[in-house]
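In: with the input below, show me the fold.
(one chain, ligands or ions: 1)
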Amino acid sequence: MYFHNEGFLVHGVDNNQRATFFGPQGDTRWRQQQLVDNLKNFRHHELDIRYRAGILDLVKELRPNCIIHTAAQPSHDRAAAIPFDDFDTNAVGTLNLLEAARQFCPETPFIHMSTNKVYGDLPNTIRLQELETRWDFADPAYVNGIPETFSIDQSKHSLFGASKVAADVMVQEYGRYFNMPTCCLRGGCLTGPNHSGVELHGFLSYLVKCNLEGREYIIYGYKGKQVRDNIHSEDVASFIHAFYQVPRCGEVYNIGGGQANSCSILEAFGLVEEFSGLKQVYRYIDQNRIGDHICYYSDLTKMKSHYPGWNITKSLRQTINEIVKAWQSKINAHVSKV
Ligand SMILES: NC(=O)c1ccc[n+]([C@@H]2O[C@H](COP(=O)([O-])OP(=O)(O)OC[C@H]3O[C@@H](n4cnc5c(N)ncnc54)[C@H](O)[C@@H]3O)[C@@H](O)[C@H]2O)c1
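Out: Numbers count the residues shown, from 1 in each chain. Below is the predicted model of the structure:
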């Protein structure tokens, strides 16, 4: 949507694999259909990024002037059950796209959505303080959050984190070895009104959906005080646009809402309740997800110094409000259909 509104002809590649990964709740066809119906310069390509010949052919035919790679198996919990699908999608799919770019459009900026899970569970070794509703960093070195210099080595990543490390390093390598304008954006929580949140992925979107449907949300460990930084998809898109306009080779940026747009699960409950007027139903299980971060927020210093014209424009409150409104209208539309 963002790039279409900026005047680009946008080609979307998606095979709705999210519905295979997560079932009907993860289905993204509704959004694809909206884009096809409403945007005159949007073309959908029903293609699996694991299908190497198909990706090579498409990139050869289009020779795009920007490649934004967001297709993934995005859940660390899900990856353990489907290791081949996870690695083939995240690592091999990324290689297919990189190699297609190298062969047919090596000058094209290539932006890859990586993840903060490349840091594994190492952020959990930082000294923390427990506050009333959240954990926070107690070590002054991390007052602005986790920087890109943080080690991605020798920690527990989940199979998802490991397949994303493979992709991340490969994207960097195509930048450094072949001098291609590539970058990895290591995301915190990326979200917005069009996210198809499910329990295993899309924390805020799923939490809001549970709130509105009166469904039980399960908190796994850390007293519900685990912290995530949340960024609206439009702010992610505007950063990608800034990179596209002034690309660099083999760069890495942490991208998220930063400290200002961070919240714990308990704090998210409070904010969502404020906008929906509904009490959050939840259950606490005193067992954290394997390798789950206790506190994570992105240090945005590097991206802001390389791209001083870019900044976050949507506060956490605005983002949550938009997600609440979007789910309300989807739920109402569904109710009026049945
Ligand atoms: N949302 C987040 O909080 C978050 C955080 C960190 C990193 N990321 C990364 O950002 C990217 C986008 O995340 P998202 O939240 O939009 O995920 P998403 O699952 O909502 O979107 C990914 C899309 O890729 C498609 N896809 C999956 N496998 C495919 C394949 N083999 N071929 C073609 N299409 C395929 C899915 O159908 C889905 O529509 C991913 O790389 C993810 O790892 C997301």
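In: in three-state terms, label residue 55 for me.
Out: helix (DSSP: H, G, I helix; E, B strand; the rest coil).
In: just give the closest residue to it, not the sequence neighbours.
Out: In space, residue 55 comes closest to residue 96 once its chain neighbours are excluded; the distance is 4.5 Å by Cβ to Cβ, 6 or more residues apart in numbering. Every C-beta, even on glycine, is put in place using the N, C-alpha and C of the backbone.
In: how many neighbouring residues does that neighbour have?
Out: Residue 96: 21 surrounding residues under other Cβ atoms under 10 Å.
In: thought it was touching residue 52?
Out: Yes: judged on Cβ atoms under 8 Å, residue 96 makes contact with residue 52 at a distance of 4.8 Å.
In: which ones are touching the residue nearest to residue 55?
Out: For residue 96, the contacting residues are 49-52, 55-56, by Cβ atoms under 8 Å, 6 or more residues apart in numbering.
In: state the distance from the residue of the stretch 201-338 of the chain found nearest the ligand to residue 115.
Out: Closest contact between the stretch 201-338 of the chain and the ligand, by Cβ to the nearest ligand atom, is at residue 202 (5.9 Å). From residue 202 across to residue 115, the span is 13 Å (Cβ to Cβ, to the nearest Å).
In: try residue 141
Out: Remark: distance between residue 141 and residue 115 (Cβ to Cβ) = 22 Å.
In: quick one: strands adjacent to the helix or strand hosting residue 184?
Out: According to DSSP states H and E, residue 184 maps onto strand 182-187. Counting by DSSP bridges, the strands paired with strand 182-187 are strand 110-115 (parallel), strand 251-255 (parallel).
In: out of the ones you listed, which one sits most buried?
Out: Ranked by mean neighbour count, these are led by strand 110-115 with a mean of 26 (mean count of other Cβ atoms under 10 Å).
In: and the next helix or strand after it, what does it pack against?
Out: Remark: after strand 110-115, the chain's next helix or strand is strand 128-130, criterion DSSP H and E. Packing partners of strand 128-130 (3 or more Cβ pairs under 8 Å, 6 or more residues apart in numbering; DSSP states H and E): strand 135-137.
In: just the mean pLDDT for the strand or helix carrying residue 175, thanks.
Out: Secondary structure assignment for residue 175, by DSSP H and E: helix 158-178. Taken as a whole, helix 158-178 carries a mean pLDDT of 97.
In: what residues of it count as buried?
Out: Of all the residues in helix 158-178, those buried under the rule 16 or more other Cβ atoms under 10 Å are 158-168, 170-172, 174-175.
In: residue 156 contacts residue 290, doesn't it?
Out: Yes: applying Cβ under 8 Å, one finds residue 156 in contact with residue 290, separated by 7.3 Å.
In: all strands for this structure, in order.
Out: Along the chain, counting by DSSP state E, strands occupy 10-13, 42-45, 67-69, 110-115, 128-130, 135-137, 182-187, 189-191, 217-220, 227-232, 251-255, 262-264, 282-285.
In: in TSV: those, plus distance to residue 274 and mean pLDDT.
Out: As requested, the strands of the chain are arranged in TSV below (distance: least, Cβ to Cβ, whole Å; pLDDT from 0 to 100):
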stretch	distance to residue 274	mean pLDDT
strand 10-13	34	97
strand 42-45	35	96
strand 67-69	33	98
strand 110-115	29	98
strand 128-130	24	98
strand 135-137	22	98
strand 182-187	26	98
strand 189-191	17	95
strand 217-220	16	97
strand 227-232	16	97
strand 251-255	26	98
strand 262-264	12	98
strand 282-285	16	97
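In: redo the ones you listed as a markdown table? Include distance to residue 151.
Out: Shown next, in a markdown table, are the strands of the chain (distance: least, Cβ to Cβ, whole Å):
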| stretch | distance to residue 151 |
| --- | --- |
| strand 10-13 | 33 |
| strand 42-45 | 38 |
| strand 67-69 | 24 |
| strand 110-115 | 15 |
| strand 128-130 | 18 |
| strand 135-137 | 16 |
| strand 182-187 | 13 |
| strand 189-191 | 22 |
| strand 217-220 | 25 |
| strand 227-232 | 19 |
| strand 251-255 | 13 |
| strand 262-264 | 22 |
| strand 282-285 | 30 |
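In: residues from the stretch 151-300 of the chain in reach of the ligand?
Out: Residues of the stretch 151-300 of the chain found near the ligand (Cβ under 6 Å from any ligand atom) are 187, 189-191, 196, 202.
In: only the buried residues of stretch 320-335, if you could.
Out: 320-324, 326-327, 330.
In: count of neighbours near the nearest residue to residue 281 once chain neighbours are set aside?
Out: Nearest in space to residue 281, with sequence neighbours left out and distances taken as Cβ to Cβ, 6+ apart, is residue 216 at 5.0 Å. A count of nearby residues for residue 216, using other Cβ under 10 Å, gives 10.
In: what bits of this structure have low per-residue confidence?
Out: 337-338 (pLDDT under 70).
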